[in-house]
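**Q** the amino acid sequence is not available; the structure is as follows:
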């Protein structure tokens, strides 16, 4: 580090801008791969901040956390250490949509994440506002050498090269790669009623200068909006008027490195109450004071997480809405009103909250508010999350137009890992839609234009029977080991698990269950139809019966080996859903054929005869890497795909 013209100048391999959930995973992935990494934050106290909901996981989001852990990320391990309640959602449905959700102790989570970052070798934390991206034209080889750039940048799409960042103090931090993880801080504005404050979440400083640098570098910027509910003092709530929501008896870890006994603890309760007609009447009478409806808020909000005023106005026939009361942690009396996000004025918030059962004397500690912020059009990114036109610059999290801690974290890991791999001269990793929810999320962001904050849902995944959270390690552990973020010890444990699953499935298929008389007595006991006298049956055939499963068969399987609960779970699912899984794997094979048909980076779509004008424009803007990706672009029809396939055949004939 040196001083130049009274400003600090320093050199790093990777610079990460932002220390929220995306920034944390990006910085850890980079540093764990041996790269000298610096992470910037507007406040060191906000590392790992949960400015909104006090939980990790949930429907489809739990899948993302498990996948991140399988790759070697940190979120799953941290929430396993700091949760206060754990619950598996959708247990009445099939395993494809089972989703783990854990209430977090917010302060404990922040403390643990900060401790992890501070004790990671090669990782430097810096409290500073990054105000400018430092780039040079691609042809400027002097700029390239100044950045310490060694990679081959012969990329037909890139026009510029990132060489570092500048902070508000004027300090320059040179870097081979930069990862933007700015969350909701860019030109952030918090609003409720007539109150408008230019701050980030929880009153933290906004980042008001970086957007201008993005625009100067040709990056398209959008304005999105999200919001958060009020927090209420626990002592002012009457829980006797509500429904108690307890955690599960069996506490399942997010991390594949942990066992249930490793994380077992006494859990706290959440509570359920409802809005009513009086609540809705107050909202309707005050709707002209809502900045959402008055036009004061310009940003586009999340469709799948609407404010309470949105719910009341858009669903007038609905008599009530669920409101979950969730503790913010063991250290505080603040309770989070999940399902009651709002930007209504303070007096309206108090009046409507006090109409709900248990809240007649409620005291609001923190008002609900909406927050507007700048983000980018993520179609300017490659599937690696690198900008197409700025070599070495990556982007992850809510700046990409997504919502949620979990969506941010997995993008952060992929962006940080790919930045590090590229800096090391290694091949970058892309997870496709058939490999994980991570692949679905990133593919949707970079392929389909999002005009509202993107939220992950199980319905977005075409192959969700294969992409279960229980088998995330079977799908992605190998990739994490290849990247270098999964240790050899963890990898060997994983290989042992794989061999045990394979051996036990084989035994179940090949081992007959025994005499019909004994089996029929067992079947009658469990409400299953008896076998014909002459027919033998394997254990695998019995598992496929709706009334039976692998665990129940232990009663008639004296030779069963001692296996972990994770192995037993996989054996049961793989056998019980064998037919469905086989069909979905065949669908994946067809998907991969289209993904394997690569499109040249320099293809001139505007000159291709037969392509419709809309398809030409969309293909030219997004520049898909293969036929499969092209087919997922809105505005590109099957007829347009046929034109592209003919073009590829013609190109093959000329070569």
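**A** Yep, that arrived. Just so it is clear, the structure is predicted and the values come from calculations on it, not from any experiment.

**Q** could you give me the average pLDDT of the helix or strand in which residue 62 is found?
**A** When elements are assigned from DSSP states H and E, residue 62 belongs to helix 61-71. In this model, helix 61-71 has an average pLDDT of 98.

**Q** please apply the same query to stretch 352-369.
**A** The average pLDDT for stretch 352-369 rounds to 97.

**Q** next: stretch 430-438.
**A** Taken as a whole, stretch 430-438 carries a mean pLDDT of 97.

**Q** quick revisit: tell me the first helix or strand C-terminal of the helix holding residue 62.
**A** Scanning the chain past helix 61-71 towards its C-terminal end, the next helix or strand to appear is helix 75-82 (assignment: DSSP H and E).

**Q** mind listing what the closest residue in space to residue 359 that isn't next to it in sequence touches?
**A** Of all residues not flanking residue 359 in the chain, residue 353 sits nearest, at 5.2 Å (Cβ to Cβ, 6 or more residues apart in numbering). Just so you know, the C-beta spots here come from the backbone N, C-alpha and C atoms, and that holds for glycine as well. Shown in contact with residue 353 (Cβ atoms under 8 Å, 6 or more residues apart in numbering): 230, 232, 337, 340, 359, 362, 364.

**Q** what's opposite the second one in the beta bridge?
**A** Assessed by DSSP bridges, residue 232 has beta-bridge partners residue 335, residue 364.

**Q** ok so, going back, how far away is the residue nearest to residue 359 from residue 176?
**A** Using Cβ to Cβ, to the nearest Å, one gets 51 Å for the distance from residue 353 to residue 176.

**Q** endpoints of stretch 507-518, how far apart?
**A** Between the opening and closing residues of stretch 507-518 there is a gap of 20 Å (Cα to Cα, to the nearest Å).

**Q** which residues are contacting it?
**A** In this structure, residues lying in contact with stretch 507-518 by Cβ under 8 Å, 6+ apart are 519, 531, 533, 535-540, 542-543, 550, 553, 556-557, 559, 571, 575.

**Q** let's see that with 7 Å instead.
**A** For stretch 507-518, contacts defined as Cβ atoms under 7 Å, 6 or more residues apart in numbering pick out 519, 531, 533, 536-540, 542-543, 556, 571, 575.

**Q** what's the burial count for the closest residue to residue 187 other than its chain neighbours?
**A** Excluding its sequence neighbours, the residue lying closest to residue 187 (Cβ to Cβ, 6+ apart) is residue 374, at 4.9 Å. In terms of burial, residue 374 registers 23 neighbours under the definition other Cβ atoms under 10 Å.

**Q** which SS class is residue 374?
**A** The local conformation at residue 374, judged by DSSP: H, G, I helix; E, B strand; the rest coil, is strand.

**Q** also residue 133?
**A** Under three-state DSSP, the three-state class of residue 133 is strand.

**Q** correct me if wrong: it contacts residue 163.
**A** No - with contact defined as Cβ atoms under 7 Å, residue 133 does not reach residue 163; the gap is 8.9 Å.

**Q** just the closest of the contacts of residue 353 to residue 603, please.
**A** Proximity of those to residue 603 (Cβ to Cβ) peaks at residue 340, which lies at 49.6 Å.

**Q** local confidence estimate at the closest one?
**A** Model confidence at residue 340, expressed as pLDDT, equals 96.

**Q** pretty sure it is touching residue 231, no?
**A** No - contact between residue 340 and residue 231 fails when scored by Cβ under 7 Å: they sit 10.6 Å apart.

**Q** tell me which of the two has more neighbours.
**A** In this view residue 340 and residue 231 are compared by other Cβ under 10 Å, and residue 340 has more residues nearby, 28 against 19.

**Q** part of a strand, is that one?
**A** No - looking at residue 340 with three-state DSSP, it is coil, so not inside a strand.

**Q** just give the nearest non-adjacent residue to residue 61, would you?
**A** Residue 61's closest residue in space is residue 406 (Cβ to Cβ, 6+ apart), at 4.1 Å.

**Q** okay, now the one you found: neighbour count?
**A** Counted with other Cβ under 10 Å, residues neighbouring residue 406 total 28.

**Q** can you pull the contacts of it?
**A** Counting by Cβ under 7 Å, 6+ apart, residue 406 makes contact with 56-57, 61, 64-65.

**Q** are any of those buried, and which?
**A** When those are checked for burial by 16 or more other Cβ atoms under 10 Å, the buried set is 56-57, 61, 64-65.

**Q** of those, which pair is most distant in space?
**A** Taking Cβ to Cβ as the measure, the buried ones among the contacts of residue 406 reach their widest spread between 56 and 64, a distance of 9.8 Å.
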